[in-house]
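Trainee: Let's see this in three dimensions:
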Amino acid sequence: MKLLFLGDVVGRSGRTAIAEVLPRLRRDWALDFVVVNGENATGGMGLSGAHAALLFAAGADCVTLGDHAFDQRDMLAYIEQEPRIIRPLNFARTAPGHGARFFDAPGGRRVFVAQVLGQAFMKRPFDDPFSAIEAALKPATLGGTAQAVIVEVHAEATSEKMAFGHWCDGRASLVVGTHTHVPTADTQILERGTAFQSDAGMCGDYDSVIGMDKLEPITRFVTGMPKGRFSPAEGEATLCGVYVETDDATGRARRVAAVRLGGRRARAEP
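Mentor: Below is the predicted model:
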């Protein structure tokens, strides 16, 4: 299978890039399944139902959330009627929606997608992500009940994300990190066949501070005081993510490549 994972979409710039570029990528790269992290797509904080619909219309098969999952209040109800949206498994026991599920893919194949939140340096003490994914993966046998398994780790610490990749090695086609918005240079296939990248990066304007207009973050770092609200930068976005080709029989990765398209940064594509 040919899989594409796109990192955190940030604001209008990121949404525009997804709407304009993803349909072409689906066609030109003959993609079988696309996952997009949308948790910063609405004003940089959360995802609205309307903007979720835009991501699906552009070609996403699954949209994941994160620690800002329900910052947009309408998502509390919207996620119950839209099963293609995945929130973290360990967000909260009473959270609506689901943190993992099977999806249909072309040719009668099935893709299993799961998302967890890390614990290190996060603002809230989320439940243990390792035990959460252990239980979630039981029905998703790589190369058996699922032709591909994608696990997203929404976390701050690269060490925690790396540990998670090795924990899931051989049980997932791809383990990819999100949340820090900066793409890492450690794209690889692990020993037992799982593709891995510590952070996919973001789909947003990199002439920014992790997607936000530069002035307010710089002011807070320099003075220690807020002067205004964070707002997404609105220059041309760079689409960042990970492309993976898997073997249907085993579900293991045969090829992985970092994706960086558009914007003013160096460009890379499979």
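
Trainee: just the strands in the stretch 51-200 of the chain please.
Mentor: Taking DSSP state E, counting those that start in this stretch as the criterion, the stretch 51-200 of the chain carries its strands at 62-64, 85-86, 100-105, 109-117, 148-154, 174-178, 188-189, 195-197.

Trainee: Note down every partner strand of the third one and its orientation.
Mentor: Translated: strand 100-105. Here strand 100-105 has these sheet partners by DSSP bridges: strand 109-117 (antiparallel).

Trainee: Contact partners for the residue most central in space within the chain?
Mentor: Nearest to the mean C-alpha position of the chain, counting by C-alpha atoms, centre = their mean, stands residue 37 at 3.6 Å. With contact taken as C-beta atoms under 8 Å, 6 or more residues apart in numbering, residue 37 is in contact with 5-9, 63-66, 152, 154, 178, 200. (Each C-beta comes from the backbone N, C-alpha and C, glycine too.)

Trainee: again with residue 233
Mentor: Counting by C-beta under 8 Å, 6+ apart, residue 233 touches 10-11, 13, 204-205, 207-208, 211-214.

Trainee: now these: which count as buried?
Mentor: The neighbour-count test (16 or more other C-beta atoms under 10 Å) marks 10-11, 13, 204-205, 207-208, 211-213 as buried among the contacts of residue 233.

Trainee: which ones among these are found in strands?
Mentor: Assigned to strands by DSSP state E, none of these qualify.

Trainee: And the pLDDT for residue 123?
Mentor: Reading off the per-residue confidence, residue 123 sits at a pLDDT of 77.

Trainee: same check, this time on residue 267
Mentor: Reading off the per-residue confidence, residue 267 sits at a pLDDT of 62.

Trainee: Begin at 44 from now on, thanks
Mentor: That works, and once the first residue is 44, the last one we named lands at residue 310.

Trainee: which stretch of helix or strand covers residue 283?
Mentor: Remark: residue 283 resides in strand 282-289, with elements defined by DSSP states H and E.

Trainee: Quickly run through the sheet partners of that strand, with directions.
Mentor: Strand 282-289 has the following strand partners under DSSP bridges: strand 45-49 (antiparallel), strand 296-304 (antiparallel).

Trainee: what's the most buried one of the ones you listed?
Mentor: Mean neighbour count (mean count of other C-beta atoms under 10 Å) peaks for strand 45-49 among these, with a mean of 25.

Trainee: got the angle between that one and strand 191-197?
Mentor: In this structure, strand 45-49 runs at an angle of 10 degrees to strand 191-197, with axes from the mean of the first three to the mean of the last three C-alpha atoms, to 10 degrees as the basis.

Trainee: any idea of the mean pLDDT for strand 45-49?
Mentor: Throughout strand 45-49, pLDDT has a mean value of 98.

Trainee: Assess the claim that residue 216 and residue 235 are in contact.
Mentor: No. Here residue 216 lies out of contact with residue 235, judged by C-beta atoms under 8 Å, at a distance of 11.2 Å.

Trainee: And for residue 147, the neighbour number?
Mentor: Other residues within reach of residue 147 by the criterion other C-beta atoms under 10 Å amount to 11.

Trainee: Since that was my last question, I'll sign off now.
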